[in-house]
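# Coordinates for the following, if possible.
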Amino acid sequence: MSSVSRATRLAESLDETSQAQDHSLDLVLRKNYLHWSHQVRFSDYKVVNVLAVCSMPFSIRLIDFTKKNRPIASYEPELHPAVTYRIKQIKATVQVFSTGSITVTGPNVQNVATAVEQVYPLLFECRKPLRK
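Prediction:
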């Protein structure tokens, strides 16, 4: 096997990701997928995608958010319960749910942080009023 793709979840740093990759290698060797005589190592290690999840302290009116942010935002409630907000300049995608939960996907941590900073004011404009 000359190339393997591996997804690492719940890592909060590159060090944790590296530790998870080492653990994956140990599992592969234990399952006897590779013979012990082979020299196995990770090379050309790179992060290709970052996923972040956070919750806003308020709920969001999705229809208003979509109307105010077309064509960047799209909402198809029959297909998916979230608004998809694509930021092409930084190659990030934000999924916005009515509960205030958002999921951000981007190529690196900086782009994900920039996407959250960019979308927060727009979400705040479309927040639902608090119930008494």
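# Number of residues surrounding the closest residue to C126 other than its chain neighbours?
Nearest non-adjacent residue to C126, counting by CB to CB, 6 or more residues apart in numbering: F65, 4.1 Å away. All C-beta spots, glycine's among them, are computed from the backbone N, C-alpha and C. Counted by other CB atoms under 10 Å, the residues lying close to F65 total 21.
# OK, contacts around F65?
73, 75, 83, 96, 122-123, 126 (CB atoms under 8 Å, 6 or more residues apart in numbering).
# Tell me the spacing between it and A20.
According to CB to CB, to the nearest Å, F65 stands 35 Å off from A20.
# Give the buried residues for the one helix or strand the residue nearest to C126 maps to.
Assigned by DSSP states H and E, F65 belongs to helix 62-68. Within helix 62-68, the residues that qualify as buried are 62, 65-66, counting by 16 or more other CB atoms under 10 Å.
# Equivalent analysis for stretch 70-84, please.
Residues 72-73, 75, 82-84 are the ones in stretch 70-84 that count as buried (16+ other CB under 10 Å).
# Which of the contacts of F65 fall in strands?
Taking DSSP state E, the ones among the contacts of F65 that sit in strands are 73, 75, 83, 96.
# from the residues you listed, which is closest to D26?
Using CB to CB, V96 is the member of those that sits closest to D26, with 39.0 Å.
# ok, that closest one touching Y120?
No - with contact defined as CB atoms under 8 Å, V96 does not reach Y120; the gap is 10.8 Å.
# More neighbours: which of the two?
Per other CB under 10 Å, whichever of V96 and Y120 has more neighbours is V96, with 26 against 13.
# I am finished for the moment; much appreciated.
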